[in-house]
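1. Just the structure for this:
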Amino acid sequence: MPSSFPRLAVMRRLGIAAALIVAVVGASESMRAQAFRVDTAEIVRFLEQSTWGPTPELIAHVRDVGIGDFLDEQFEAPMTGYPPMELYPTTRDQAACPNGSACQRDNYTMHPLQTRFFRNALYGEDQLRQRVAFALHQIIVVSGIDITLPGWMTPYLQTLYRNAFGDYRDLLYEITLNPAMGNYLDINGNSRTRPNENYAREVLQLFSIGTVLLNPDGTPQLDRDGLPLPAYDQTTVDNFSRVFTGLRFAAAPRAGVPNYIDPMVVNEPQHDTDQKVLLNGVILPAGQDTDRDLKVAVDNIAGHPNVAPFIAKQLIQHLVTSNPSPDYVRRVADAYEGPIWRRRNLRSVVRRILLDPEARKRPTDPSFGRLRHPVQFITSVLRAFNARSADGSAESDGVLYPQSAAMGMDLFRPPSVFSYFSPFGGLPGGNGLRGPEFGVLSTSTALARLNFVNTMVYSRIAAGANGAGTSIDLSPLQPLAATPADLVNELDTRLLHGSMSQPMRDSIGGAVNAVPASDPLRRVRTAVYLVLTSSQYQVQR
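-> Model prediction:
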């Protein structure tokens, strides 16, 4: 932190910003400005939920077309996604890429996918699809810790992008046959003589229905003793384990190179053809082949009544708030169940999540909101201030995953099938409130957040031998520096959608006033740093 940075203890308080506006312009003009500001603030709040962060241009666009039309645009926006990558085999090719080389980094690590992700997030037009696909990645997990090569991971990520607004049943079916998932949860080579339960357990526990029976509003169904009713038992897991036998990787594209591109194929002699009992007593009769068993089993899972509230609640948590009300969950779950022509349609679900009254109204409940996870925190900061290369002449290179990893989120390398943090994690000291993202917040990762903001506000991520670096542009704010209240108002609207508390407003105004007016850039940096590092910003509300 720069030595000139002012201490909060000596910050002086200012008057209310509205009073300053009235002093400069007439009352009618002030009312129009206030109405404009409220409108802009609501757009900012909506974009926090539906994109990787508001930008001035995007705010103006949504003001012009409206939230509903913007959603329609996003549903139809061309996908950015990830380009196909070469499938690299083993030692023979690696010999040409020694450890520590750019070749090794670009071909044998998650680096190209991680940088592409951040470039997509900063500049891609399909912002909503990206947010939903990343939420699905955190629900239906494959980790680069085990699937180590980018060419192996890419088809899995493309599957999430392609199905982000589609039928959840189709997504589950494609994921079941995805080679990366086949490796990660041991579907590949699963045999009738030694069935592996890893995928069967996780597709039920984490990817679809959860462990207890749910009401349509996501609350658990209870027995007469007040205990949650289990959604399935070990016998059910065993039966699904037998369903997922008889699958293997498709033919290798060349000798020694596993096929992570094409869906897994049937290996019929290794499929268990005995009778199987699935959810809700559905029976797969003996003698069926792999393909028939698989399709009926996926239908059985996707059609379970738990799927709607279980997946709806998690998507709400990823986009809007960690503690949605049961009514909110029920309304979104209704969109999943919906009429038959759009049943299980994620497009309808996402629309309902973002347009629901609980998402759109100004929150008054202190439990409303969610901690921005490291990836969202980084992209929100950078998009707010026109992220560019270190010298400002080009786009950022997207090499931002080291910063995310330092904050506790190693992009595309979640530590377990429970993702980067448990979806069931509670808020520390929160009396039963959920706060999943707090699972990666610690003393060290909180400091890493502050260090990232300090780097971006007071310096930049320098260009390297293989990258252009990243910087932000604070120059549009400098004309406001002469009047600290105006500067604070602008940051309040742009970053906090008009929710800045009065004590915070007074403290930041005092800190800006303590900087000589002759140094407008330092005034802007002081204000921006204080807002971005505040809890009011880091918790999206």
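2. And residue 119, which helix or strand is it part of?
-> Counting by DSSP states H and E, the secondary-structure element that holds residue 119 is helix 111-123.
3. Show me what that helix is in contact with.
-> Residues from elsewhere that reach helix 111-123, judged by C-beta atoms under 8 Å, 6 or more residues apart in numbering: 52, 80-83, 85, 105-106, 126-127, 130, 144, 150, 153-154, 157, 375, 378-379, 382-383, 387, 395-401, 411-412, 467. Where C-beta positions appear, they are placed from N, C-alpha and C, glycine not excepted.
4. Below-threshold pLDDT in this protein: ranges please.
-> Screening the chain residue by residue with the criterion pLDDT under 70, one finds the ranges 1-38, 89-94, 338-343.
5. Let's see that with 50 instead.
-> For the chain, the stretches flagged by pLDDT under 50 are 1-38.
6. Tell me where it has strands.
-> Applying DSSP state E to the chain gives strands spanning 247-248, 265-266, 276-277, 283-284, 370-371, 539-540.
7. on that earlier part again, among the contacts of helix 111-123, which are in helices?
-> 105-106, 127, 130, 150, 153-154, 157, 375, 378-379, 382-383, 401 (DSSP state H).
8. from these, which would you call buried?
-> Under a neighbour-count criterion of 16 or more other C-beta atoms under 10 Å, the subset of the ones in helices among the contacts of helix 111-123 counted as buried comprises 127, 130, 150, 153, 154, 157, 375, 378, 379, 382, 383, 401.
9. would JSON lines of those residues with distance to residue 539 be doable?
-> Formatted as JSON lines, the entries for these read as follows, by distance: C-beta to C-beta, whole Å:
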{"residue": "127", "distance to residue 539": "21"}
{"residue": "130", "distance to residue 539": "22"}
{"residue": "150", "distance to residue 539": "33"}
{"residue": "153", "distance to residue 539": "31"}
{"residue": "154", "distance to residue 539": "33"}
{"residue": "157", "distance to residue 539": "28"}
{"residue": "375", "distance to residue 539": "16"}
{"residue": "378", "distance to residue 539": "16"}
{"residue": "379", "distance to residue 539": "16"}
{"residue": "382", "distance to residue 539": "19"}
{"residue": "383", "distance to residue 539": "18"}
{"residue": "401", "distance to residue 539": "23"}
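10. and of the ones in helices among the contacts of helix 111-123, the nearest to residue 459?
-> Using C-beta to C-beta, residue 382 comes nearest to residue 459 of the ones in helices among the contacts of helix 111-123, at 14.0 Å.
11. Surely the closest one touches residue 53?
-> Yes. At 7.3 Å, residue 382 and residue 53 qualify as touching, with contact defined as C-beta atoms under 8 Å.
12. so which of the buried ones among the ones in helices among the contacts of helix 111-123 would you say is closest to residue 186?
-> Nearest to residue 186 among these: residue 153, at 17.1 Å, using C-beta to C-beta.
13. and the closest residue to the closest one other than its chain neighbours, what does it touch?
-> Counting by C-beta to C-beta, 6 or more residues apart in numbering, residue 153 lies nearest to residue 147, which is 5.2 Å off, once chain neighbours are set aside. If you count contacts by C-beta under 8 Å, 6+ apart, residue 147 has them with 153, 156, 180, 183, 184, 260.
14. Give me the number of neighbouring residues for the second one.
-> Looking back up the chat, that one is residue 156. The number of residues packed near residue 156 is 26, by other C-beta atoms under 10 Å.
15. Check the one 10 residues further on too.
-> Residues contacting residue 166 under the criterion other C-beta under 10 Å number 14.
16. Begin at 53 from now on, thanks
-> In the new count, where the first residue is 53, that last one comes out as residue 218.
17. Would you mind listing the residues in contact with it?
-> Neighbouring residues of residue 218 by C-beta under 8 Å, 6+ apart: 397, 398, 399.
18. same thing but at 10 Å, please
-> By C-beta atoms under 10 Å, 6 or more residues apart in numbering, residue 218 lies in contact with 226, 396, 397, 398, 399.
19. now for those residues, which pair is the farthest apart?
-> Greatest spacing in the contacts of residue 218, by C-beta to C-beta: 226 and 399 (16.7 Å).
20. send the alpha carbons of stretch 342-361 over as PDB?
-> Coordinates of each C-alpha in stretch 342-361 appear next as PDB, following Å, rounded to 0.1, in the frame of the first residue of the first chain:
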ATOM      1  CA  THR A 342     -26.100 -49.900 -22.200                       C
ATOM      2  CA  ASP A 343     -27.700 -47.200 -24.400                       C
ATOM      3  CA  ARG A 344     -31.300 -48.000 -23.300                       C
ATOM      4  CA  ASP A 345     -30.300 -48.200 -19.600                       C
ATOM      5  CA  LEU A 346     -28.400 -45.000 -19.800                       C
ATOM      6  CA  LYS A 347     -31.200 -43.000 -21.400                       C
ATOM      7  CA  VAL A 348     -33.900 -44.200 -19.000                       C
ATOM      8  CA  ALA A 349     -31.600 -43.600 -16.000                       C
ATOM      9  CA  VAL A 350     -30.900 -40.000 -17.000                       C
ATOM     10  CA  ASP A 351     -34.600 -39.400 -17.700                       C
ATOM     11  CA  ASN A 352     -35.300 -40.900 -14.200                       C
ATOM     12  CA  ILE A 353     -32.800 -38.500 -12.600                       C
ATOM     13  CA  ALA A 354     -33.800 -35.300 -14.500                       C
ATOM     14  CA  GLY A 355     -37.500 -36.000 -13.900                       C
ATOM     15  CA  HIS A 356     -37.200 -36.300 -10.100                       C
ATOM     16  CA  PRO A 357     -39.100 -33.600  -8.300                       C
ATOM     17  CA  ASN A 358     -36.000 -32.600  -6.300                       C
ATOM     18  CA  VAL A 359     -34.100 -31.400  -9.400                       C
ATOM     19  CA  ALA A 360     -36.200 -28.200  -9.800                       C
ATOM     20  CA  PRO A 361     -35.700 -26.800  -6.300                       C
END
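21. Now it: buried residues?
-> Within stretch 342-361, the residues that count as buried by 16+ other C-beta under 10 Å are 342, 345-346, 348-350, 352-354, 356-361.
22. which among the contacts of residue 218 end up buried?
-> Members of the contacts of residue 218 classed as buried by 16+ other C-beta under 10 Å are 226, 396, 397, 398, 399.
23. Against residue 268, how distant is the last one?
-> Summarising the geometry, the distance separating residue 399 from residue 268, computed by C-beta to C-beta, to the nearest Å, is 20 Å.
24. cool, and the second one?
-> As for residue 396, its distance to residue 268 is 15 Å (criterion: C-beta to C-beta).
25. can you check residue 571 too?
-> For residue 571, the distance to residue 268 (C-beta to C-beta) stands at 58 Å.
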